[in-house]
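J.: Quick one, fold the following:
(one chain, ligands or ions: 2)
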Amino acid sequence: MNSESTDSFGEILSEPEAKFPGQVVTVDLGERSYPIYVGTGVLEQIGPYYVRHCGVRRTIVITDENVEPLYGQIVLKSLQDSELEAHLISVPAGEKSKRMGVAEMLYDRLFDLSVERSDAIIALGGGVIGDLAGFVAATFKRGLNYVQAPTSLLAMVDSSVGGKTGVNHRRGKNMIGAFHQPRMVFADVNTLKSLPDRELGCGLAETVKHGIIRDGQFFAKLERQNQMVLEQDRELMVELVERNCQIKAAVVQADERESGLRGILNCGHTIGHAIETVWAAHGGDIHHGEAVSLGLVAVGRLAVRRGLLRQDDLERICRLLSSFRLPIRITARSNKERVGQGPTLQELPGELSEMPVAELYEAMQQDKKVRGGKIKFVLPKGIGDCVFVDDLTESEIQPVIHSLVT
Ligand SMILES: NC(=O)c1ccc[n+]([C@@H]2O[C@H](COP(=O)([O-])OP(=O)(O)OC[C@H]3O[C@@H](n4cnc5c(N)ncnc54)[C@H](O)[C@@H]3O)[C@@H](O)[C@H]2O)c1
Ligand SMILES: [Zn+2]
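T.: Ligands and ions are numbered 1, 2, ... in the order given. Next comes the predicted model:
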């Protein structure tokens, strides 16, 4: 990463990594390298780090209407204290803002503010804001610098790292986008205190996934300390975010544009995305991490059937997901408890009295991980390793999907 000092803003700027009161993970991508800062109560210090990595410029903070009243002013003040001209733009919260229409509204605002290529954007919020603001940064005037300031656990452990940006299209989620690496990621785990429990769970689903595919010891630590995680012990949360970022950074470094290895991060997502799409199409309410949790159980079962995973390890996966209040099966009861206000599968109209396997298949075929008509799955190989499998037959997949519904 870029470690030379070209500024004159005092100690913090000449050696920011050494002075940072927390952990720093480097994403090593040659000239696109960047640091991930992870700390507690550090958001009010973002200004000097922004200056260090983006230069002294104007900055546009893009956030959502939930995050703005909580952290918008803290960030603006820190930027202004660093003598930056800072503007804040807020969009409605939630996945519905991750679309082209909202990106165009943001382009209009950037034109109104006469934003130049030398200015930069800060994405302050969850994964929706990171993906949307990152996409706007990637495309406005052929690309601006941007910073990820994640405030949801999912964004800290997953979406803020790796440079995937984009918006949804009616034909598919994340289908319009660009790879565009941020200049830095700045994560303050104290912001997680205001995060709804259900959103915390969604970040934990990706955390469990990282343990399953890459780090059995980390998985075991999560098992031992699951209560402390739920209580958000500060030191543990810093360690948790740091370890997730190390895992994701290592995978991204090896395969930045997902031509191979990076695909392992999709473990649980082929089935998870299909569940998300089909459920949403029927008016249900399921969050990404909840669908991923169900997807991880499904690939765990497929792996047991293939002799890649022991039954007791599958049970460990299910226990850990459950302990994080994530769904491991779809029942009327668990829907009501876990999947908010949306209709349960049993309450949905028509023939949807059980998981609509045919529709799930169709949704999986649409998934961008399908190559040459084959659906590519990432199956755990024990806990801490995984393999790509593309020869699973419909007769193997069907019973596993059915088994999610009890
Ligand atoms: N780019 C990638 O590599 C990547 C990886 C995984 C997921 N994603 C994307 O990330 C998105 C999901 O991210 P998400 O779960 O963070 O969703 P989100 O951005 O919608 O955030 C979830 C909710 O929490 C609120 N929130 C965020 N931080 C808060 C805080 N500190 N306090 C209180 N409320 C807070 C938000 O306003 C929102 O209502 C999806 O669109 C998914 O496709 C992208
Ligand atoms: Zn995910």
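J.: What is the neighbour count of the closest residue to Asp158 other than its chain neighbours?
T.: Excluding the flanking residues, the one nearest Asp158 by Cβ to Cβ, 6 or more residues apart in numbering is Glu206, at 4.4 Å. Every residue, glycine included, has its C-beta placed from N, CA and C. Using other Cβ atoms under 10 Å, Glu206 has 27 other residues around it.
J.: got it, and the one 4 residues further on?
T.: By the criterion of other Cβ under 10 Å, His210 has 25 neighbours.
J.: Enumerate every residue touching the closest residue to it other than its chain neighbours.
T.: Counting by Cβ to Cβ, 6+ apart, Ile247 is the residue found nearest to His210 once chain neighbours are left out, at 4.6 Å. Applying Cβ atoms under 8 Å, 6 or more residues apart in numbering, we find Ile247 in contact with His210, Arg214, Asp215, Phe218.
J.: Quickly note the distance from Thr191 to Gly39.
T.: 11 Å (Cβ to Cβ, to the nearest Å).
J.: Same check on Ser403?
T.: Distance from Ser403 to Gly39, by Cβ to Cβ: 42 Å.
J.: Val161 too?
T.: Taking Cβ to Cβ, one finds Val161 at 16 Å from Gly39.
J.: Kindly tell me how buried the residue of the stretch 251-400 of the chain found nearest ligand 1 is, as a neighbour count.
T.: Distance from ligand 1 to each residue of the stretch 251-400 of the chain (Cβ to the nearest ligand atom) is smallest for His288, at 5.2 Å. Neighbourhood size, His288 [other Cβ under 10 Å]: 21.
J.: for ligand 1, what are the nearby residues on the chain?
T.: 64, 66-67, 70, 93-95, 98, 125-129, 131, 151-152, 154-155, 158-159, 162, 164, 174, 191, 194-195, 199, 202, 288 (Cβ under 6 Å from any ligand atom).
J.: The residue nearest to His210 - that's part of a strand, no?
T.: No - under DSSP: H, G, I helix; E, B strand; the rest coil, Ile247 falls outside any strand and is assigned helix.
J.: And the helices in the stretch 201-350 of the chain?
T.: For the stretch 201-350 of the chain, the helices defined by DSSP state H, counting those that start in this stretch cover 216-224, 226-230, 234-254, 269-281, 288-305, 311-323, 332-338.
J.: which residues of the chain score low on pLDDT?
T.: Across the chain, the ranges flagged by pLDDT under 70 are 1-18, 331-355, 367-373, 406.
J.: hmm, try it at 90
T.: Within the chain, the stretches with pLDDT under 90 are 1-19, 55-57, 170-174, 258-260, 273-287, 327, 329-376, 392-399, 401-406.
J.: Longest strand in it, please.
T.: strand 172-179 (DSSP state E).
J.: returning to what we had before: select only the buried ones of the residues of the chain next to ligand 1 in PyMOL?
T.: Written as a PyMOL command, the selection of buried residues from the residues of the chain next to ligand 1, which uses 16 or more other Cβ atoms under 10 Å, is:
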select buried, resi 64+66+67+70+93+95+98+125+126+127+128+129+131+151+152+154+155+158+159+162+164+174+191+195+199+202+288
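J.: Tell me which entries of the residues of the chain next to ligand 1 lie within helices.
T.: Residues of the residues of the chain next to ligand 1 located in helices (DSSP state H): Val67, Gly127, Val128, Ile129, Asp131, Leu154, Glu199, Cys202, His288.
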